[in-house]
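Q: Got a predicted model here, sequence first, then my questions.
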Amino acid sequence: MITPSESASDTSTVTSTRRIRLDVAYDGTDFSGWARQPGLRTVCGVLEEQLGTVLRHPVTLTVAGRTDAGVHARAQVCHLDVDPEWLDQRSFDGRPEALVRRLARLLPADIAVMDARWAPADFDARFSALRRHYEYRLTTAPWGPEPTRARDTAAWTRPADLGAVREASSRLLGLHDFAAFCRRREGATTIRELQRFDWRAEPDPRGPDAPGAAEVWTASVSADAFCWSMVRSLVGAVMAVGEGRRGQEWITGLLRETQRSSSVPVAPACGLSLVGVDYPADVDLAARNLTTREVRPGPERSSARGPYGSPGAGAGCCGG
């Protein structure tokens, strides 16, 4: 049985360490995802290297949601545990906030640490999260995205009906087994509560009568957690319905699948961005950690709800 004092990672129980929360943004185009991988350029790898340089000690980051290669983040959250003496350097004066300016001088242009601050011992970037928010941006323009947005906007040149896309998206809302939309990860649950999946359209700035007038569509997708490749698979599936290649009942039927469906297309990574992570109040962090670590039963087997409106999120935390 896990006690509240054990809800954070093991190092949080060592009195000589304190926890720092980092808020991070990055352009994922030239990264092989978040997770550190030997020989590859990853967001975690670059951050840990530069943090180790300025703190003069190796560090390990825990992240709210690991993103895949090519996926971006405007509001990623991670934490690290440090000995406060590491910040007794003249440039820090004991303040983690000073990491923002120090790292700005060292990090490449496609990563930014926007905030650094002390966090409660029970704060865990991954297990304390209530929900994660993603956006998927695509354009229906036959020539593709505007050059200034080419790195964060997917080209979707096949005609699609936005009304059909919206209806298909609404059918997926709620607590379901999303196995059909997830790449398998050993020990990770595919039970998720999809809390938001809606679309907004931005008209062509040249006007509706411009030659080849097209729109930019942006999906807002929120859930307590996401499994590996889930968001891009959700987008790919509903766009297949919007294109008329699949029917609305096909979408509903996918929720009855028990493993990854080969019929679900995966949307390009470039259109996806992590845009927010929600956390409870500090006094509720320990309870949230316990709830999230519980193995989640299937929706047909349990109606029990966690203290924040959703069952435990289990082991998975990825979304790309």
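A: Sure thing, it's come through.
Q: Quick one: find the helix or strand in the protein with the lowest mean pLDDT.
A: Least confident element among the helices and strands of the chain, by mean pLDDT, DSSP states H and E: helix 285-293 (a mean of 91).
Q: Neighbours of the nearest residue to Ala240 once chain neighbours are set aside, how many?
A: Leaving aside its sequence neighbours, Ala240 sits nearest to Arg246 (CB to CB, 6 or more residues apart in numbering; 4.5 Å). For glycine as for every other residue, the C-beta is placed from the backbone atoms N, C-alpha and C. Neighbourhood size, Arg246 [other CB atoms under 10 Å]: 21.
Q: With Arg196 instead?
A: There are 14 residues near Arg196, going by other CB under 10 Å.
Q: any idea how far Ser222 is from it?
A: The spacing between Arg196 and Ser222, counted by CB to CB, to the nearest Å, is 4 Å.
Q: Need the residues touching each of the two.
A: Counting by CB atoms under 8 Å, 6 or more residues apart in numbering, the residues touching both Arg196 and Ser222 are His133.
Q: Thr42 is in contact with Trp34, isn't it?
A: Yes - counting by CB atoms under 8 Å, Trp34 is a contact partner of Thr42 at 6.3 Å.
Q: More neighbours: those two, which one.
A: A direct count of neighbours by other CB under 10 Å for Thr42 and Trp34 places Trp34 higher, at 29 against 20.
Q: Now for the more buried one: which residues touch it?
A: Contacts of Trp34 (CB under 8 Å, 6+ apart): Thr42, Val43, Cys44, Val63, Gly65, Arg66, Thr67, Gln76.
Q: what's the answer for Gln50, then?
A: Leu103, Leu106, Leu107.
Q: do Ala141 as well
A: Applying CB under 8 Å, 6+ apart, the residues contacting Ala141 are Ala155, Thr157, Asp204, Gly212, Ala214.
Q: Give me the buried subset of those.
A: Buried by 16 or more other CB atoms under 10 Å: Ala155, Asp204, Ala214, out of the contacts of Ala141.
Q: where exactly do the strands run in the chain?
A: 18-26, 62-63, 72-82, 111-119, 131-139, 154-155, 174-177, 191-202, 216-223, 272-278 (DSSP state E).
Q: can the ones you listed go into JSON lines with extra columns for distance to Asp161 and mean pLDDT?
A: Shown next, in JSON lines, are these (distance: least, CB to CB, whole Å; pLDDT from 0 to 100):
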{"stretch": "strand 18-26", "distance to Asp161": "33", "mean pLDDT": "98"}
{"stretch": "strand 62-63", "distance to Asp161": "37", "mean pLDDT": "97"}
{"stretch": "strand 72-82", "distance to Asp161": "27", "mean pLDDT": "98"}
{"stretch": "strand 111-119", "distance to Asp161": "38", "mean pLDDT": "98"}
{"stretch": "strand 131-139", "distance to Asp161": "14", "mean pLDDT": "97"}
{"stretch": "strand 154-155", "distance to Asp161": "18", "mean pLDDT": "96"}
{"stretch": "strand 174-177", "distance to Asp161": "23", "mean pLDDT": "96"}
{"stretch": "strand 191-202", "distance to Asp161": "11", "mean pLDDT": "95"}
{"stretch": "strand 216-223", "distance to Asp161": "11", "mean pLDDT": "97"}
{"stretch": "strand 272-278", "distance to Asp161": "22", "mean pLDDT": "98"}
